[in-house]
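Novice: any chance you could fold what I've pasted below:
(chains A and B)
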Amino acid sequence: MVVSRRPRLIALALLFLALLAIALAIHASATRREGEALISADPETILTDATLRQTARSMGGAIFADNCASCHGVQGRGDGRGIPDLSDGDWLYGQGMVAEIEQTILYGIRSGNMRGWNLAYMPAYARARPYGREAIAPLRPAEVRDVSLFIRSLHDRAGLDPTAVARGAAIYGGKGGCWDCHGGDAGGDPAIGAPDLVDDVWLYGDGSAAAIAQSVSHGRSGRMPAFARKLTPVEVRAVAAYVASLSHIVGNGRDHGA
Amino acid sequence: MAPSDEPATAAIWDFSQASGRRSLLFCAAGAILGLTVAGFGLFTAKGTRTSAVPAEDVAMVNQVPILMSDYVQQVRALYDVPLAKATPAQRAQVLKDMIREELYVQRGIELGMQADTIEVRQALVSSVEAQAAADATMAQPDEAQLKAYYAAHGSDYADEGVIQLTDYVLARTDGNKAQAAAATLRAQGVTPALAARLGLRATGRMNDGEEYYFAARIHIGDRLFATARKLRAGQLSDPIQTADGLHILHVQRNSLPQPRAFTEVRQQVLGDYISNQAKLLTAGNETFLRKRADIVVQKGFE
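Specialist: Residues are numbered from 1 along each chain as shown, chains lettered A, B, ... in the order given. All right, here's what the predicted structure looks like:
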């Protein structure tokens, strides 16, 4: 009598499927536990804990590639035309702490979400109405040139007309109202997203007087979408820690390595 | 003689033979697996009441979560310390405040506060508008869409024109004298001394040198500006009659608005594109709400 192999094959197939299901369940459970550990931890301790750091970098890196790289670039270096470099340790909003980055990812910048950053934007001084939220006087072309030269002079005075620079300083501290956001020392204000004008990091252009004049003339108001409804809290935490790791220095000044 | 167990056990795993016990065993295993999957889905489904707080939340108030990330941020905002450095008293206070806020929000909804309190109504309207536009604000248009928008709205992305001119006026309304003065200036070159000898006076409205077009229009008015805009550097206008006399414009510099390259204005185009899409979505949402609502208007007020 020939013994049928078919029932045995069916049994083996069922066993294989069962084992596969168990393996998937174990993997899902492990991933879930990793995510729970990540979300339960104090955000600022993630990069100092080897296991959490590894979880954040692998999970966050994949999420970054899918959701953020299209604007910020694969390595988070930005594009010099308004998309910030996330790896330079220079932060427009906050100090680069994981919790702060997390909030920015959740609620965005000028995103339409009421909890997002939207305290101010750079006025367009070559327009009749430079700033929509309050009355600011426009500047004349010569005044735009002077204040741009003044800002340029904060980096390098070589070849600049000192009289024009002095006029620009007066505009910065007076009619232009620039000090109100960028600070009397032009050091910026991370509480409202006003860039530091003294460092060598430029969100737009190359820091030349002409590039600065473009920003002064036309204004700037970059935008970042809110991901609160697109990513889960675990994913937001992971990508926030990943982004913080790109700049090596995380708020508290410790270098956590790339 | 009672059947031994050994043949019965062998029969269960002998797939060449039918076995009732084996069938029952597989049924039981399948039932257990199915119940496990169903139970997992049931107890983790949104809206299910659980006593466990999900890891991403710090608390649940009537099954409404308070996000852990919001709690961490609130601790930092109030006490300027990261969570790890906050004292237990500080953490407890923040949590207490956030729970209180959630309770009051829920109570407000129960009491129908949105019907009475203007600030609540305004906030709700803004929130719903933002929610309706969320798809637009989240979307990332491709380069072709952005370039098409840029091409369709080119004037929005041009430099402002710059003009420098002197506005001369002849108080007397003698048109022939004004024409003669203009001809003399064109022939001999415009100088302040010559203009004064011809009876022309500079109004001083454009004494600050170069001005952007919008400022020049404000200073000299629409009619004079419309004429000045067409002149090139060094050109003189024909006399223009206005209420305060005959004006002759001498343009020293005129830079027309120049379109800015797409790469230079890409961020601005992106923002404008998204705002435009958000407006369309919001308008569509309003149409949808009106369509599905039962709106009855008093006679005479339709």
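Novice: which secondary element of chain A has the worst mean pLDDT?
Specialist: The helix or strand of chain A with the poorest confidence is helix A:6-40; it has a mean of 84 (mean pLDDT, DSSP states H and E).
Novice: who are the packing partners of that helix?
Specialist: Applying 3 or more Cβ pairs under 8 Å, 6 or more residues apart in numbering or on different chains; DSSP states H and E, we find helix A:6-40 packed against helix A:50-67, helix A:233-246. (Each C-beta comes from the backbone N, C-alpha and C, glycine too.)
Novice: ok, which of these comes nearest chain B?
Specialist: Ranking these by proximity to chain B (Cβ to the nearest Cβ) places helix A:233-246 first, at 3.3 Å.
Novice: so what's the model's average confidence on that closest one?
Specialist: Across helix A:233-246, pLDDT averages out at 95.
Novice: does that helix reach chain B?
Specialist: Yes - using Cβ under 8 Å from any Cβ of the partner chain, helix A:233-246 reaches chain B at A:233-234, A:236-237.
Novice: any stretches of the chain with poor pLDDT?
Specialist: You didn't say which chain, so I picked chain A. Counting by pLDDT under 70, chain A contains low-confidence ranges at A:1-4, A:248-258.
Novice: actually chain B
Specialist: Regions of chain B meeting the criterion pLDDT under 70 cover residues B:1-10, B:44-51, B:172-173.
Novice: hey, where'd the strands end up in it?
Specialist: B:57-61, B:64-67, B:162-170, B:201-202, B:211-212, B:240-242, B:245-255 (DSSP state E).
Novice: which secondary structure elements does the longest one contact?
Specialist: For strand B:245-255, the contact count by 3+ Cβ pairs under 8 Å, 6+ apart identifies strand B:162-170, helix B:175-188, helix B:222-229, strand B:240-242 as packing neighbours.
Novice: ok, which stretches of the chain are helices?
Specialist: Since you didn't name a chain, this refers to chain A. Along chain A, the segments classed as helices by DSSP state H run A:6-40, A:50-67, A:69-72, A:98-107, A:141-153, A:162-173, A:179-182, A:209-218, A:233-246.
Novice: correction: the question concerned chain B.
Specialist: According to DSSP H, the helices that chain B contains are B:5-12, B:20-44, B:68-79, B:88-111, B:118-132, B:134-138, B:143-152, B:175-188, B:192-197, B:213-220, B:222-229, B:262-292.
Novice: output these in JSON lines; the columns should cover distance to chain A.
Specialist: As requested, the helices of chain B are exported to JSON lines (distance: least, Cβ to the nearest Cβ, whole Å):
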{"stretch": "helix B:5-12", "distance to chain A": "11"}
{"stretch": "helix B:20-44", "distance to chain A": "8"}
{"stretch": "helix B:68-79", "distance to chain A": "5"}
{"stretch": "helix B:88-111", "distance to chain A": "11"}
{"stretch": "helix B:118-132", "distance to chain A": "5"}
{"stretch": "helix B:134-138", "distance to chain A": "5"}
{"stretch": "helix B:143-152", "distance to chain A": "11"}
{"stretch": "helix B:175-188", "distance to chain A": "26"}
{"stretch": "helix B:192-197", "distance to chain A": "21"}
{"stretch": "helix B:213-220", "distance to chain A": "4"}
{"stretch": "helix B:222-229", "distance to chain A": "13"}
{"stretch": "helix B:262-292", "distance to chain A": "4"}
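Novice: so which bits of the stretch 151-258 of chain A are right by chain B?
Specialist: Counting by Cβ under 8 Å from any Cβ, the residues of the stretch 151-258 of chain A near chain B are A:214, A:217-218, A:220-223, A:225-227, A:229-230, A:232-234, A:236-237.
Novice: are any of those residues buried, and if so which?
Specialist: By neighbour count, with 16 or more other Cβ atoms under 10 Å in any protein chain shown, these hold A:214, A:217-218, A:220-223, A:225-227, A:233-234, A:236-237 as buried.
Novice: now, among those residues, which is nearest to chain B?
Specialist: Once Cβ to the nearest Cβ is applied, the member of these that ends up nearest chain B is residue A:233, at 3.3 Å.
Novice: so what's the closest one up against?
Specialist: Contacts for residue A:233 (Cβ atoms under 8 Å, 6 or more residues apart in numbering or on different chains) come out as A:39, B:56-57, B:67-69.
Novice: pretty sure residue A:238 is touching residue A:41, no?
Specialist: No - taking contacts as Cβ atoms under 8 Å, residue A:238 lies outside contact range of residue A:41: 11.2 Å.
Novice: more neighbours, these two?
Specialist: Each of residue A:238 and residue A:41 has its neighbours counted (other Cβ atoms under 10 Å in any protein chain shown); residue A:238 has more, 29 against 22.
Novice: what's the closest non-adjacent residue to residue A:35?
Specialist: In space, and not counting its chain neighbours, residue A:35 is closest to residue A:234: 3.9 Å by Cβ to Cβ, 6 or more residues apart in numbering or on different chains.
Novice: so who does that neighbour touch?
Specialist: Residue A:234 touches A:35-36, A:38-39, A:59, B:55-56, counting by Cβ under 8 Å, 6+ apart.
Novice: make it 10 Å
Specialist: A:31-32, A:34-40, A:55, A:59, A:63, B:54-56 (Cβ atoms under 10 Å, 6 or more residues apart in numbering or on different chains).
Novice: still on that earlier bit, and the helices and strands packed on helix A:6-40 as TSV, adding distance to residue A:161?
Specialist: Compiled in TSV, the helices and strands packed on helix A:6-40 are given as follows (distance: least, Cβ to Cβ, whole Å):
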stretch	distance to residue A:161
helix A:50-67	45
helix A:233-246	40
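Novice: noted, bye for now.
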